[in-house]
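Student: Generate coordinates for the sequence data below:
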Amino acid sequence: MTLEEEETVVRGRPSTVTYRVQLNDGWVRARSHPTARVEPLDRASGVVYRLRIELELEQGTLVERVEAGRAGMPKSTVDHLLSPGRGSGGAVVRRRFVVAAGGTLVPETTK
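Tutor: Take a look at the predicted model:
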């Protein structure tokens, strides 16, 4: 299975997409999972980083997509990178998926 994580700055507002994977009784960042193979991808204007993460996960494993964005005053990409408040504030949307047959992700159904 392949996931892509990234941080971008669009119109001065940063946005990140990361993934967490359930491992044993807890959660780990996808890029820190024992089976992870991480490859940096090309960056365009406004892209802080972009990664391709290849994982070998068993069917039934939970994967959580975390989308974080920050509201507020627009900043340039350079101002964002140099600001001391990086990573704080903003809305966070979490969506959980289950690894299905063939390594595809399907939305988790509530029990």
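Student: Paired strands for the lengthiest strand in the chain, with orientation please.
Tutor: Counting by DSSP state E, the longest strand found in the chain is strand 13-23. According to DSSP bridges, strand 13-23 forms sheet pairs with strand 2-10 (antiparallel), strand 26-29 (antiparallel), strand 62-69 (antiparallel).
Student: Between those, which one is closest to residue 52.
Tutor: strand 2-10 (5.6 Å; Cβ to Cβ). (Each C-beta comes from the backbone N, C-alpha and C, glycine too.)
Student: Give me the contact list for the closest one.
Tutor: Residues outside strand 2-10 that contact it (Cβ atoms under 8 Å, 6 or more residues apart in numbering): 14-19, 30-31, 41, 46-55, 63, 75-77, 80.
Student: pLDDT score assigned to the residue nearest the centre of the chain?
Tutor: In the chain, the residue lying closest to the centroid (Cα atoms, centre = their mean) is residue 18, at 0.9 Å. Looking at residue 18, its pLDDT is 97.
Student: thinking again about what came up before, how about the strands paired with strand 13-23, which one is nearest residue 110?
Tutor: For the strands paired with strand 13-23, the distance to residue 110 is smallest for strand 62-69, at 12.6 Å, taking Cβ to Cβ.
Student: ok, back up a step: would you mind checking the contacts of strand 2-10 for buried ones?
Tutor: Neighbour counting with 16 or more other Cβ atoms under 10 Å marks 14-19, 30-31, 46, 48, 50-51, 53, 55, 63, 75, 77, 80 as buried within the contacts of strand 2-10.
Student: what does stretch 103-111 contact?
Tutor: Applying Cβ under 8 Å, 6+ apart, the contact partners of stretch 103-111 are 1, 57, 62-63, 95-100.
Student: ok, now with 6 Å
Tutor: Contact partners of stretch 103-111, identified using Cβ atoms under 6 Å, 6 or more residues apart in numbering, comprise 1, 63, 96-98, 100.
Student: how close does residue 35 sit to residue 43?
Tutor: Residue 35 sits 25 Å away from residue 43, going by Cβ to Cβ, to the nearest Å.
Student: hang on, the earlier thing: any chance of JSON lines for the strands paired with strand 13-23, columns mean pLDDT and distance to residue 105?
Tutor: Converted to JSON lines, those look like this (pLDDT from 0 to 100; distance: least, Cβ to Cβ, whole Å):
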{"stretch": "strand 2-10", "mean pLDDT": "94", "distance to residue 105": "9"}
{"stretch": "strand 26-29", "mean pLDDT": "97", "distance to residue 105": "16"}
{"stretch": "strand 62-69", "mean pLDDT": "95", "distance to residue 105": "6"}
